[in-house]
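Colleague: Predicted model, plus sequence, below.
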Amino acid sequence: MSDLTGNPPASGTALKVEDRLYLYPGAVAVVHRPSVITTILGSCVAVCLWDPSTGRAGMNHFILPRGGGPPTARYGNHAMPMLLEEVLGLGARRKNLLAAVFGGACLLAGESREPKLGDRNLLEARSFLDHEHIPLVNENSGGREGRKLTFRTADGNAVVRKL
Amino acid sequence: MSKKKILLVDDSVTTLMMEQMVLRGQPYNVVTAKNGEEAVRMSEAELPDLILLDVMMPVMNGFEACRRIRQNLATLQIPIIMVTTRGEENSVETGFESGCNDYITKPINGTELLTKVRALLGE
Amino acid sequence: MNETKEHGGYVLKVREETTRALATLKSENERFRMQLAAVESDRARLHQEKLNVQEQLMITRDHLTRSVDDHSSLVRRLMDVERENERVAGQFLDIETQNANLANLYVASYQLHGSLDRDEIVAAIREIVINLIGCEDFGIYERVDDEEKLRLIGWFDVSPESSQLISFGEGIVGRVAATGEAIIDEHGRSGIVAAVPLSVNGRVGGVIALFRLLPQKGNSLERLDHELLNLLASQAGIALYSTALHADATRRRAEGAL
């Protein structure tokens, strides 16, 4: 079985029709049955969490690394704990959780000396996973292109197509 | 150092005004266009450092404007952020295929707009 | 005699050997004594060195303790600075958000009072609802003169045929008109996310109903959305009322001129 790696599933593991949903920027989706979650990323970052033992899974898609005000999944500092809490709330086992990180492209060659927005988004995601001791098993990030991410929760397969 | 220039394109006066208000007081020069055709013309005449391009517009939509801006050697390198109303899969994919570099969804969140612009153009 | 002589020789020899052995022993003794003195001196030196090292150790330990203290205090200060930094960054973000929200409210207010033309005001309300709140499924209702009825005057996705005229008290929109109280239902279970009365001097002159927000908003109204709805409730009615007064005044002037 593949595990968030993006490798095609072995033959014979073709899945039955799953729920399909498209994740908008600034949203979190968690599922308890086989689903296909899709999203499109530029400098935004999407993180997939997957518990292979229960099939519980989720994805967020945040726009900026940090933000004040009331908690919203538009900001990484809120979107990451939201995703974790919601996946656990659905019955995922914390010790089984695997993570994958996507997006964070630096689409434009900005002249700013500051770290690029995409990099800052990625850093926020990675440091949260590190802090929570959730293994990061796959990452497809950075670069200059947009990405279409398709995450199949039945087998944890996360496929990226460059746009 | 000269100020960076931003071209805002939207057929909604309210949106243009809001974007201008958010960017006011920041070290950028702002120019505006009300449809895709005007956007193509102004991107060549003004050579902005960044274009914020609405999708749904009369005369010429944002996708077509984006394609034309990418066809012109003088403007093909200008970063374009697409502004999609519905933020739907097809619309965003078409945006990237047309040559946009990133996208945001409506209603425009002022803080996000400012952060993206700053990240791209510097402060 | 010979025996005595031999014996005497032997004694002499023994004596000589003894004398030699004594001399050897003496010199050995002397050597040992010197070695002992050297060892004693080494021992004294080593003892002194040990004392020196111990003293050095004490000093180093003192330094180390002080360094650890200094380090801890530096780490504490660094953490304080980081916390302060984070707090200031948070405040900065909050202020930027407030600024952006104010920009929205300013634009909305400006647009609502930027004209005395009725169509332009209705268009301004539409633009605020579509572009600032993010809703493409809504209706703008205006009170029909002094009757307790509402007429649909602006919409986007809502079907104009189905709800052209609504009586006060009828459905959610009618209820908002009758009570003058806004209804917010973010889960949209009632089919309406928000319905706000447009009031002028306490009299309900219309209602704006948002049936469904743009999908990326997930039907949840943010603080800014509430503020924009409040602004519409207090200003849009007045703006529409002003256009009616202006039209009336224009008509009267035209009649007076005749």
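Modeller: Here it is on my side, so go on.

Colleague: Phi, psi for the residue positioned nearest the centre of chain A please.
Modeller: Per C-alpha atoms, centre = their mean, the C-alpha nearest to the average position across chain A is that of A:Val47, at 1.8 Å. Torsion angles at A:Val47 (phi, psi; degrees, to the nearest 10) stand at phi -120, psi 130.

Colleague: Could you check how far it is from chain B?
Modeller: Noted for A:Val47: a distance of 19 Å to chain B, by C-beta to the nearest C-beta, to the nearest Å. C-beta here means a position set from N, CA and C on the backbone, and glycine is covered the same way.

Colleague: per-residue confidence for that residue?
Modeller: Reported pLDDT at A:Val47 in the predicted model: 97.

Colleague: Wait, it touches A:Leu41, no?
Modeller: No - look at A:Val47 against A:Leu41 with C-beta atoms under 8 Å: they stay out of range, at 10.9 Å.

Colleague: what is in contact with the two at once?
Modeller: A:Phe102 (C-beta atoms under 8 Å, 6 or more residues apart in numbering or on different chains).

Colleague: if I read this right, C:Ala177 contacts C:Arg151, doesn't it?
Modeller: No - C:Ala177 is beyond contact range of C:Arg151, at 11.2 Å (criterion: C-beta under 8 Å).

Colleague: These two - which one has more neighbours?
Modeller: When C:Ala177 and C:Arg151 are compared for neighbours, C:Ala177 comes out ahead with 26 against 16, by other C-beta atoms under 10 Å in any protein chain shown.

Colleague: And the more buried one, how far from chain B?
Modeller: Counting by C-beta to the nearest C-beta - C:Ala177 and chain B are separated by 26 Å.

Colleague: Going along the chain, name the strands of the chain.
Modeller: Just going to use chain A. Remark: strands assigned in chain A by DSSP state E are A:19-22, A:27-31, A:35-41, A:45-50, A:57-62, A:98-103, A:136-141, A:147-152, A:157-162.

Colleague: wrong chain, I was asking about chain C
Modeller: Under DSSP E, chain C gives strands at C:135-143, C:149-155, C:165-167, C:183-184, C:194-200, C:203-213.

Colleague: partners of the fourth one, with directions?
Modeller: According to DSSP bridges, strand C:183-184 has the following sheet partners: strand C:194-200 (antiparallel).

Colleague: Can you give the distance from the helix or strand bottoming out on mean pLDDT in chain B to the centre of its chain?
Modeller: Ranked by mean pLDDT, DSSP states H and E, the helix or strand of chain B with the weakest confidence is helix B:110-121, at a mean of 86. Helix B:110-121 sits 12 Å away from the centroid of its parent chain (C-alpha atoms, centre = their mean, to the nearest Å).

Colleague: Check stretch C:76-95 too.
Modeller: 9 Å.

Colleague: contact partners of that stretch?
Modeller: A:Arg66, A:Gly67, A:Gly68, A:Gly69, B:Thr111.

Colleague: Run through the residues that contact the last one.
Modeller: So that's B:Thr111. B:Thr111 neighbours (C-beta under 8 Å, 6+ apart): A:Leu64, A:Gly67, C:Leu93, C:Glu96, C:Thr97, C:Ala100.

Colleague: The first one is in contact with A:Gly118, isn't it?
Modeller: Going back to what we said before, that points to A:Leu64. No - the pair A:Leu64 / A:Gly118 is not scored as a contact, 10.9 Å apart, by C-beta under 8 Å.
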